[in-house]
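>>> pasted the sequence and its predicted model underneath.
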Amino acid sequence: MTEKKTPLNHPKIFSHGTLECRSLDKSRPFYEEFLGLECVRHQRIAMLLRKGEYWSLVCLEVGDKVRQLGIRNHWGLDLATREEVERAHALAHEHQEKYGIQKIQKLTDAHGTYGFYFQDLDGNWWEFQYAGDGQEKGEGRYDKTFEKGDIAPNVRPQH
């Protein structure tokens, strides 16, 4: 187990992250209608996205300067059941053209979840997943992981 050190800074909460889009007007229907997020445009070139909690994404309109990210840089959304994941996957295919979804990966069981990745019209990657593990009772999978503490070795194996 790694020894915990006293932090130099003391933030009260993890408040936000950022992502880029070409056009807030064109991306907003995807965020609200397909992803089911709340949106509020708070600046000419910025819009807040959230789902029922304090933590938010700030979507910045950057036009053609939008940067393509790899699939490892994705935003995850948990669904309540495996069936909801399958439904979302079918809806992604059904509405791919309407919302400008570029890529849709196959459904997989990986890293303790059932889900799929998909890329939006701006090149951002998203994941719909069902994490099980008490999620239907409101128990957080990530909370349980933090409660366990470090369980993996902190050294990468040599190849």
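Ah, there it is. Numbers count the residues shown, from 1 in each chain.
>>> need the residues that contact the host helix or strand of Cys39.
Cys39 belongs to strand 38-43 when elements are defined using DSSP states H and E. With contacts defined as Cβ atoms under 8 Å, 6 or more residues apart in numbering, strand 38-43 is touched by Leu24, Arg28, Tyr31, Glu32, Met47, Leu48, Leu49, Arg50, Lys51, Gly52. From N, CA and C alone the C-beta is placed, and that goes for glycine too.
>>> just to check, the first one is in contact with Glu61?
Translated: Leu24. Yes - in terms of Cβ atoms under 8 Å, Leu24 counts as a neighbour of Glu61; the distance is 4.7 Å.
>>> as CSV, could you dump the C-alpha coordinates of the helix or strand of the chain with the lowest mean pLDDT?
Least confident helix or strand of the chain, by mean pLDDT, DSSP states H and E, is helix 141-148 with a mean of 76. Extracted in CSV, the C-alpha atoms of helix 141-148 (Å, rounded to 0.1, in the frame of the first residue of the first chain):
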residue,chain,number,x,y,z
ARG,A,141,-18.8,1.6,-7.7
TYR,A,142,-16.1,4.2,-7.5
ASP,A,143,-16.8,4.9,-3.9
LYS,A,144,-16.3,1.2,-3.1
THR,A,145,-13.0,1.3,-5.0
PHE,A,146,-11.7,4.3,-3.0
GLU,A,147,-12.8,2.6,0.2
LYS,A,148,-10.6,-0.4,-0.6
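>>> show the contacting residues for the spatially most central residue of the chain.
Per Cα atoms, centre = their mean, the C-alpha nearest to the average position across the chain is that of Trp75, at 1.8 Å. By Cβ under 8 Å, 6+ apart, the residues touching Trp75 are Leu19, Leu57, Asn124, Trp125, Trp126, Glu127.
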